[in-house]
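[1] structure of the sequence below:
(2 chains, ligands or ions: 6)
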Amino acid sequence: MPLLSVNNLEVVFPLRTGLVTAIKDVSFDLEQGERIGIVGESGAGKSVSAFAILNLISKPGYLAAGSILFNGRDLASLGEEEMRQIRGNEISMIFQDPMMTLNPVLTIGTQMEETILAHKNMSRQEARKISVAKLKAVQIPSTETRLTQYPHELSGGMRQRVVIAIALLSDPAIIIADEPTTALDVTIQAEILELLLNLCNDFDVGLILITHDLGVVSEVTQRILVMYAGRIIEQGPTHQVIARPMHPYTQGLLGALPEKTRPGQRLNQIPGVMPTLQEIPAGCPFHNRCNQIQAVCKVDLPILGGTGSRAVACHFPLNR
Amino acid sequence: MQQPQPNILLSVKKLNKEFNVSGGLLDQLSFQHGKLIRKKQSVKAINGISLDIVKGEALCLVGESGCGKTTVGRTIMGLLPPSKGTVHYRGQRIDNLNRSQLLPYRKHMQMIFQNPYASLNPRKTVATTLLEPVRFHFPEMSQAQQRQKVEQVMESVGVNANWGPRFPHEFSGGQRQRISIARALMVDPEFIVADEPISALDVSIQAQVLNLLMQAREDRGLTYLFITHDLSVVEHFGTRVAVMYLGRICELGITAEVFSSPRHPYTQALLSAIPKLGQSNLGRKSKHIKLKGEVPTPINLPSGCVFHDRCPHANQRCSNEIPELNNTSNGVQIACHAVEENRI
Ligand SMILES: Nc1ncnc2c1ncn2[C@@H]1O[C@H](COP(=O)(O)OP(=O)(O)O)[C@@H](O)[C@H]1O
Ligand SMILES: Nc1ncnc2c1ncn2[C@@H]1O[C@H](COP(=O)(O)OP(=O)(O)O)[C@@H](O)[C@H]1O
Ligand code: SF4
Ligand code: SF4
Ligand SMILES: [Mg+2]
Ligand SMILES: [Mg+2]
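    Numbering: from 1, shown residues only, chains lettered A, B, ... in the order given. Ligands and ions are numbered 1, 2, ... in the order given. Here you go, the predicted structure:
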């Protein structure tokens, strides 16, 4: 049985103009210690999918359908208090902006200790010891000084390390990281990604890494989910999908990267833009940008399916 | 007076820019050892940048945030006065000109910004925004000709000319960036400073806009200073690249040379950190070069080489003496004592 099994998630937002469906039929499994990546352009539904797992969808949005089986329990049926126990404990979340996690008016030490004490029954000294150990695990130098500092006294990269340390405090089974390095410079990004990768390996922690950067997923994850207009349109082992994409959109995204074309030549481009939620076309949501389109694509929605470790939602998949 | 060289469009010499961040007089005063002292603080945003931009090239300026890329671009464009140093355009000194003296150069030099949301006036229709520079710089044209020019340029950047009456918020991010490119192209410039023009866009849209910029370069013989932090874009788009760290250029040369054999220790670290498709640079057997510590603040610059306290090859000389950009055998210019001494 997988550690986490997400089935047919659907999230809707009631807007003044009516209900809009942000994600639909989102299903995937995560095995213990597995690292998966969710990729796609902005608005594809990556963050909403992650938030749905932790019951963090911003109001008035809500989970309209689906189940989230974790350790045999359906998280979708839990109340807020039970969910809070799961959140800072068994599943941790890291956001693009470290200040989503950090409280600007508390020292690093205070917030780490209080996070521990909220979930565990122990003394402040013991909590401090754990905090120091976790700061060391994320390779923060001069840990004792850090504990007395406020978030604004740290650089962006250092703040994100602290956030990872906080995410590790409860020895979680899963970390969900939503664009954790998007705001960071490339040298700092490399350090943070390497840190996440090594920590997940060492402690057998599962990782759901959300990013728009295909290079980042390729470096860190074993399996990849590609989202488009609120749906998963392709999934499979990361390196297979990157080497032999089956969905025309995945192929288009990969093909548009500058490294796929000789310097100075025109890049391959996907025409048009991803539709907004209100204008998703009938049939295949990608059909008005697809170069493989046939008549059926305008009518029938392709369902994610496949054999073995790969799956694709396309009537005429590539690289079969 | 500098001799104009036919191929050099823009020449920057020993450019420095400091920003005073001392605040008001009261903020500057403090007691130290029982004495009232006044301390001024300044950010040394760029420190002695020299480079020539050759007609027709796409020179990329790359480096991590805060290293001074935008300041270089804005100083070149005359949007910021330099603290020291000079900028020449076609041999004419332009850094000491006032607004009205700069106006003729506005027709030749244009800038595109990262954020198309902020750089377009939300209360003006796209057509109005695009007509303004044409009216100003081509007063001899009839109104019909001016409108026709706007329509032509709109179509050339892939924006439907019928959408002129619409407002910026009615367009997607990629379309808005096309419109700001159209605005820059409207006066038929020969030189464009593009500051992170695709950084806010999604991958598939980045490709569209980058293609547009390349097309414009070919069709119009444009010269670019292209500012970006995205190294894969540099490798694709730049004919030459200048790598910056803490307000200085560390390495400057033909892009293919710099990417295939980077020699400055910072360039090496930067290139090794790029996440790659289908191979692993990260993890336990990583090939990525880790740097000590973090970028220091540009308020108190390190002595000698600004990179010395993070550099794996630093020695005593590095902490005392500022390395100058020197030519190396393959024409790449490098500012590093170790390279000069043939230690690396
Ligand atoms: N609070 C909200 N209200 C209305 N729509 C929302 C809200 N949050 C997200 N959405 C919509 O849901 C879709 C998916 O968003 P998101 O998951 O944030 O995308 P991304 O893939 O960039 O993370 C988008 O179209 C977005 O506009
Ligand atoms: N108007 C300003 N006032 C004070 N400091 C500034 C100002 N503009 C830029 N800086 C500082 O100058 C340095 C270089 O900034 P910038 O040129 O924007 O870098 P980049 O574009 O490479 O990210 C940074 O430390 C930045 O904080
Ligand atoms: S279903 Fe049709 S339109 Fe959709 S991706 Fe496949 S070929 Fe293209
Ligand atoms: S001059 Fe010295 S400190 Fe600077 S990059 Fe070269 S070796 Fe390193
Ligand atoms: Mg998101
Ligand atoms: Mg900048």
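
[2] and whatever helix or strand A:L63 lives in, what does it pack onto?
    Secondary structure from DSSP states H and E places A:L63 in strand A:62-70. Under the contact criterion of 3 or more C-beta pairs under 8 Å, 6 or more residues apart in numbering or on different chains; DSSP states H and E, strand A:62-70 touches strand A:4-15, strand A:18-30, helix A:46-53. Quick note: C-beta positions are derived from backbone N, CA and C, even for glycine.

[3] which residues touch residue 177?
    As the question left the chain open, I've gone with chain A. A:A177 is in contact with A:M93, A:I94, A:L196, A:L207, A:I208, A:L209, A:I210, counting by C-beta atoms under 8 Å, 6 or more residues apart in numbering or on different chains.

[4] other chain: chain B
    Here B:Q177 is in contact with B:I112, B:P116, B:P197, B:I198, B:A200, B:L201, B:V209 (criterion: C-beta under 8 Å, 6+ apart).

[5] can we see that at 6 Å?
    B:P116, B:V209 (C-beta atoms under 6 Å, 6 or more residues apart in numbering or on different chains).

[6] now swap in B:V150 and tell me
    Per C-beta under 6 Å, 6+ apart, neighbours of B:V150: B:L130, B:L131.

[7] just the element for it, please.
    helix B:143-156.

[8] in that helix, what counts as buried?
    Across helix B:143-156, burial judged by 16 or more other C-beta atoms under 10 Å in any protein chain shown covers B:Q146, B:R147, B:K149, B:V150, B:E151, B:V153, B:M154, B:S156.

[9] Provide the backbone phi and psi angles at A:T211.
    phi -160, psi 160 (degrees, to the nearest 10).

[10] contact partners of the helix or strand where B:S232 lies?
    Using DSSP H and E, B:S232 sits within helix B:231-237. Residues outside helix B:231-237 that contact it (C-beta under 6 Å, 6+ apart) are A:P258, A:E259, A:P263, B:A58, B:C60, B:V62, B:V241, B:F259, B:I274.

[11] work out the gap between stretch B:314-325 and the centre of the chain.
    26 Å (C-alpha atoms, centre = their mean, to the nearest Å).

[12] ok so, going back, average pLDDT across the strand holding A:L63?
    Across strand A:62-70, the average pLDDT comes to 98.

[13] pull the distance from the next helix or strand after it to the chain's centre.
    Next helix or strand after strand A:62-70 toward the C-terminus (DSSP H and E): strand A:73-74. Distance of strand A:73-74 from the chain centroid (C-alpha atoms, centre = their mean) equals 20 Å.

[14] ok, then the element right after strand A:73-74?
    Taking DSSP H and E, what comes next after strand A:73-74 is helix A:80-87.

[15] what does that following helix rub up against?
    Identification of contacts with helix A:80-87 by C-beta under 6 Å, 6+ apart yields A:L54, A:N55.

[16] repeat for stretch A:18-25
    With C-beta under 6 Å, 6+ apart as the test, stretch A:18-25 has contacts from A:N8, A:E10, A:V11, A:V12, A:F13, A:G45, A:V48, A:S49, A:G230, A:R231, A:L277.

[17] hmm, 8 Å instead?
    When contacts are defined by C-beta under 8 Å, 6+ apart, stretch A:18-25 is touched by residues A:8-13, A:45, A:48-49, A:52, A:61, A:64, A:227, A:230-232, A:277-278, A:304.

[18] so which of the helices and strands packed on strand A:62-70 comes closest to ligand 3?
    Closest to ligand 3 of these is strand A:18-30 (C-beta to the nearest ligand atom; 15.0 Å).

[19] what angle do the closest one and helix A:46-53 make?
    Put simply, strand A:18-30 runs at 80 degrees to helix A:46-53, going by axes from the mean of the first three to the mean of the last three C-alpha atoms, to 10 degrees.

[20] do strand A:18-30 and ligand 1 meet?
    Yes: where contact is defined by C-beta under 6 Å from any ligand atom, part of strand A:18-30 touches ligand 1, namely A:A22.

[21] okay, residue 88: pLDDT?
    All of this is about chain A. 80.

[22] chain B was what I was after
    pLDDT, B:H88: 97.

[23] what about it, neighbour count?
    Neighbour count for B:H88, taken as other C-beta atoms under 10 Å in any protein chain shown: 20.

[24] state the distance from it to ligand 1.
    Using C-beta to the nearest ligand atom, to the nearest Å, B:H88 is found at 45 Å from ligand 1.

[25] give the contact list for that residue.
    Per C-beta under 8 Å, 6+ apart, neighbours of B:H88: B:Q2, B:L10, B:S11, B:V12, B:K13, B:I94.

[26] wait, what's in contact with the residue nearest to A:L9 when sequence neighbours are not counted?
    Once flanking residues are discounted, A:L9 sits nearest to A:G66: 3.7 Å by C-beta to C-beta, 6 or more residues apart in numbering or on different chains. A:G66 sits next to A:V6, A:N7, A:N8, A:L9, A:E10, A:V26, A:S27, A:A52, A:A76 when contact means C-beta under 8 Å, 6+ apart.

[27] any chance of those in TSV, plus pLDDT and distance to B:H264?
    Below are these laid out as TSV (pLDDT from 0 to 100; distance: C-beta to C-beta, whole Å):
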residue	pLDDT	distance to B:H264
A:V6	98	47
A:N7	97	52
A:N8	98	53
A:L9	98	48
A:E10	98	52
A:V26	98	46
A:S27	97	49
A:A52	97	46
A:A76	96	53
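
[28] can you turn the buried part of those residues into a ChimeraX selection?
    Buried members of these, defined by 16+ other C-beta under 10 Å, are picked up in ChimeraX with:
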select /A:6,7,9,10,26,27,52,76
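
[29] secondary structure element for the residue in chain B that ligand 3 sits nearest to?
    For chain B and ligand 3, the shortest gap (C-beta to the nearest ligand atom) falls at B:S204, measuring 14.1 Å. Secondary structure assignment for B:S204, by DSSP H and E: helix B:203-220.

[30] does that helix reach chain A?
    Yes: Helix B:203-220 reaches chain A (C-beta under 8 Å from any C-beta of the partner chain) through B:V203, B:S204, B:I205, B:Q206, B:A207, B:Q208, B:L210, B:N211, B:M214, B:Q215.

[31] state the distance from the first one to A:L257.
    For B:V203, the distance to A:L257 under the criterion C-beta to C-beta, to the nearest Å works out to 7 Å.
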